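1. Any chance you could fold what I've pasted below:
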Amino acid sequence: MLSTADAGSLAPLRQEGAWPQARLQEGSNTRAPFAFIRYCVASPYACRVGETRTVEWTPEVRALVTKVNTSVNRSIRPVNDRGTDTWQANVSAGDCEEFALTKRERLLKMGLPASALRMAVASTAEGEGHAVLIVSTPSGDFVLDNRLDRIALWHDTDLTFHKIASSQDPRLWHRLV
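-> Prediction:
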């Protein structure tokens, strides 16, 4: 679970009555979650800067992303952080960040571009801080959420998005507007 500082301190993205955009709209720079910075220090290969591009949302890519999402959702035992929030990948138990980071690392190893696999911070409908992986495509930004096996466009979820990692450098984050 994300801290209030990481999830709830920014203005929410959702606007009632607004026509949904297929892509999340980035605003000004903001601080990355501190636990994510620690993750990047411990796993520099996972936070490397790469060529900025999206991934084509072909039936093959969609099937691959869905398979990884479902597989990771079933392989990690959900446990809420108590005390210190530590972000890690490839664990047997963890919370939303561990699910999202594990999905990201698996998709990177399968050849998807790092710039298309972006961590995002949101709030659930219940107001709980939540982290997800966003797959950026020309067709829109798709959410991989440990609470669901289905892949959905960001505006078809119950999440209110706050900030997202930059496609140019995952260590830099942007507010969502």
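
2. Could you pull up the mean pLDDT of the longest helix that the chain contains?
-> Across the chain, the longest stretch assigned as helix under DSSP state H is helix 59-75. Here helix 59-75 scores 97 as its mean pLDDT.

3. Need phi/psi at the spatially most central residue of the chain.
-> Centroid check for the chain by Cα atoms, centre = their mean gives Leu133 as the closest residue, at 2.4 Å. Dihedral pair for Leu133: phi -100, psi 130, per degrees, to the nearest 10.

4. quick one: contacts for Ile37?
-> Contacts for Ile37 (Cβ atoms under 8 Å, 6 or more residues apart in numbering) come out as Arg171. Backbone N, C-alpha and C define where each C-beta goes, glycine included.

5. And the longest helix of the chain, how far out from the chain middle?
-> On the basis of Cα atoms, centre = their mean, to the nearest Å, helix 59-75 sits 15 Å off its chain's mean C-alpha point.

6. Tell me which other helices or strands it touches.
-> helix 96-109, strand 140-144 (3 or more Cβ pairs under 8 Å, 6 or more residues apart in numbering; DSSP states H and E).

7. quick one, which of these is nearest to Gly27?
-> In terms of Cβ to Cβ, the element of those nearest to Gly27 is strand 140-144, at 14.9 Å.

8. you'd agree Val65 is up against Ile151?
-> Yes: using Cβ atoms under 8 Å, Val65 makes contact with Ile151 at a distance of 6.1 Å.

9. Overlap in contacts, these two.
-> With Cβ under 8 Å, 6+ apart, Val65 and Ile151 have common neighbours Val135, Phe142, Leu144.

10. Please indicate which of these are buried?
-> Neighbour counting by 16 or more other Cβ atoms under 10 Å classes Val135, Phe142, Leu144 among these as buried.

11. What is the end-to-end distance of stretch 43-60?
-> Chord length of stretch 43-60, first to last residue, is 29 Å (Cα to Cα, to the nearest Å).

12. Give me the next element, helix or strand, following the worst-scoring helix or strand of the chain on mean pLDDT.
-> In the chain, the helix or strand scored least confidently by mean pLDDT, DSSP states H and E is helix 4-7, which has a mean of 46. Counting by DSSP states H and E, the next helix or strand C-terminal to helix 4-7 is strand 26-30.

13. ok, and for the helix or strand that that next one is followed by, which residues are buried?
-> Helices and strands here follow DSSP H and E; after strand 26-30, the next one along the chain is helix 34-42. For helix 34-42, a neighbour-count test (16+ other Cβ under 10 Å) marks Ala35, Phe36, Tyr39, Cys40 as buried.
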